[in-house]
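> Have a look at this prediction, sequence included:
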Amino acid sequence: MKVLNMCTDKNERGSEVNDCLKIPNNNEAQYKILQQYNKDEKKKENRRRILAQSFVTSAVMLSSASCGMPVGYSAILLPQLKFINGSMQIDDEIGSWIASIHSAATPLGSLLSGVLMERCGRKLALQIASMPLILGWILIAFAPNHALLLLGRLIAGFSAGLSAAAGQAKEETEHLIDRLEAECQNHKKTTFATLFQPEVLKPLIIINVFNVMQILSGTYLVVFYAVDILNHVQGGASLDNFLAAVLTAGVRFIFSLMSSFLLALVGRRFLAMTSGLGTAISALFLGTFLHQNCQGLDYIPALFILIYVAANTLGFLTLPGVLLGELFPAKVRGLAGGITFMLFNFMLFAVAKVFPFVKNSVGISGVFWIFGLTSLVASLFLFLTLPETKSRSLSEIEDYFQQKGFLWVRKDKWEEKKGRNRETEKFAS
């Protein structure tokens, strides 16, 4: 106030104009200062929001990663337990239970995950789901015998299922609102009878057959038994099998990222065909090479096992989850998705359980022949039945499955109908 009076007195005496009053009394300058202040505050607020969202996303991703770790842990655990030791020696029978029991417990946890999230909320549900996982790892780490080791794996699998619902993103929620409201207005109730409607039954068959073929093509078996498989593939070469398992995991990680980008650029059918044929060719070649027992070319099987993992990851690993959100109508997505998830884990449990005995019966070359032939059949099946869902709305996909027939031979008619609909909407607007 004192400075303001001095400036005012000085101006009143007719002395030179003091600039100290020009800036605060200038409306334009004040507006610019206020505008800059608002921009700075908005930037700070945006940074805070981005940081908060990053923390939340990281928490969910850490939860998913934690639940995935027990899946791959059997790959490094089983070879070590097969060495001669005093307390935890295992054979193929016990080893198959250790690898597979995790998947047997997952459906039970998933049945309770939805109820838990509704009662406790997403945040608390994730926190509660992490508790059995911690207990499972403690039992695995300190298990003095097979029983406690199996119990730890069982609890870890239960935790993975328990966190399933709380870890789904709210993806496409806005796109589902209109469809859901329409269903509610028609008073349609989701019952098991709804599963036999063509728009539900057809995608249910496609996804579940794809899941079975995905498992039989070795997608998860290579994860469960990575070191054991690579030990047979390398045939005693100098390359450390544990290091090779890490390399395959690195390839899977890189091509998972590539798949995420490709999903936004190319169609689902293209990814399915590329992945299926790449998996089939590399697996069949690898099986033939191992059957011939070629010597001095150890780098060739190592190269093709990496190609196999890369091709398999590019589509076969990622597409079932994507199709789950794109093929099922919104009205039955929870029910159909739950049934699919349960059948998938039971199938995975059964295949992982019998894998060591199949490997001992047909040899490692026969295993990769099975992987390759299954991939070829899966590619043919998807080529004939899988519709292209990229850039399609949920209503368009549902309308497609309501048509007669099951094969993707009507794609031209669907494209023609879609074009007419777009022209009608454009003319109406």
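Looks like it came in fine.

> could you dump the host helix or strand of Ser159 to PDB, C-alpha only?
Secondary structure assigned from DSSP states H and E places Ser159 in helix 146-162. Extracted in PDB, the C-alpha atoms of helix 146-162 (Å, rounded to 0.1, in the frame of the first residue of the first chain):
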ATOM      1  CA  HIS A 146       5.700 -82.500  -2.400                       C
ATOM      2  CA  ALA A 147       2.400 -82.000  -0.600                       C
ATOM      3  CA  LEU A 148       3.100 -78.500   0.500                       C
ATOM      4  CA  LEU A 149       4.700 -77.600  -2.800                       C
ATOM      5  CA  LEU A 150       1.500 -78.700  -4.600                       C
ATOM      6  CA  LEU A 151      -0.600 -76.800  -2.100                       C
ATOM      7  CA  GLY A 152       1.400 -73.700  -2.800                       C
ATOM      8  CA  ARG A 153       0.900 -74.000  -6.500                       C
ATOM      9  CA  LEU A 154      -2.800 -74.700  -5.900                       C
ATOM     10  CA  ILE A 155      -3.200 -71.500  -3.800                       C
ATOM     11  CA  ALA A 156      -1.300 -69.500  -6.400                       C
ATOM     12  CA  GLY A 157      -3.600 -70.700  -9.200                       C
ATOM     13  CA  PHE A 158      -6.600 -69.800  -7.000                       C
ATOM     14  CA  SER A 159      -5.200 -66.300  -6.600                       C
ATOM     15  CA  ALA A 160      -4.700 -65.900 -10.300                       C
ATOM     16  CA  GLY A 161      -8.400 -66.700 -10.900                       C
ATOM     17  CA  LEU A 162      -9.500 -64.500  -8.000                       C
END
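
> Let's verify Leu204: helix, strand, or coil?
helix (DSSP: H, G, I helix; E, B strand; the rest coil).

> Just the pLDDT for it.
Per-residue confidence (pLDDT) for Leu204: 90.

> ok, it touching Gly338?
No - Leu204 lies out of contact with Gly338 (C-beta atoms under 8 Å); the separation is 11.6 Å. Where you see a C-beta, it was placed from the backbone N, CA and C, and this is true even at glycine.

> Compare these two and say which is more crowded by neighbours.
More neighbours surround Leu204 than the other of Leu204 and Gly338, with 23 against 18 (other C-beta atoms under 10 Å).

> How about that one, nearest residue that isn't a chain neighbour?
Of all residues not flanking Leu204 in the chain, Ala336 sits nearest, at 5.7 Å (C-beta to C-beta, 6 or more residues apart in numbering).

> who are the neighbours in contact with that neighbour?
Taking C-beta atoms under 8 Å, 6 or more residues apart in numbering, we find Ala336 in contact with Leu195, Val200, Pro203, Leu204, Phe328.

> Now do the strands in the stretch 51-200 of the chain.
Ranges of strands in the stretch 51-200 of the chain, per DSSP state E, counting those that start in this stretch: none exist.

> got any ranges where it has weak pLDDT?
Counting by pLDDT under 70, the ranges of the stretch 51-200 of the chain that qualify are 84-86, 114-115, 118, 164-167, 169-192.

> Flag the shaky bits of the stretch 301-429 of the chain, pLDDT-wise.
For the stretch 301-429 of the chain (pLDDT under 70), the answer is 409-429.

> how far does stretch 70-79 sit from the chain's center?
How far stretch 70-79 lies from its chain's middle: 20 Å, per C-alpha atoms, centre = their mean, to the nearest Å.

> Next: stretch 148-162.
Centre to centre, stretch against its chain (C-alpha atoms, centre = their mean), the figure for stretch 148-162 is 20 Å.

> List the buried residues for that stretch?
For stretch 148-162, burial by neighbour count (16 or more other C-beta atoms under 10 Å) applies to 149-162.

> Show residues contacting it.
If you take C-beta under 8 Å, 6+ apart as the criterion, stretch 148-162 is touched by 67-68, 70-71, 74, 88, 97-98, 101-113, 116, 125, 128-133, 135-140, 142-143, 345.

> What number of residues are in the vicinity of Phe285?
Count around Phe285 with other C-beta under 10 Å applied: 17.

> mind checking how far it is from Gly363?
16 Å (C-beta to C-beta, to the nearest Å).

> can you check Leu221 too?
15 Å.

> higher neighbour count, the two?
Leu221 (22 against 15).

> Pretty sure that one sits against Val351.
Yes - using C-beta under 8 Å, Leu221 is in contact with Val351, at 6.8 Å.

> Next, show the common contact partners of the two.
Common neighbours of Leu221 and Val351 (C-beta under 8 Å, 6+ apart) are Ile215.

> ok, back up a step: okay if I get the contacts of Ala336 as a markdown table plus distance to Tyr299?
Below are these laid out as a markdown table (distance: C-beta to C-beta, whole Å):
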| residue | distance to Tyr299 |
| --- | --- |
| Leu195 | 50 |
| Val200 | 49 |
| Pro203 | 43 |
| Leu204 | 44 |
| Phe328 | 44 |
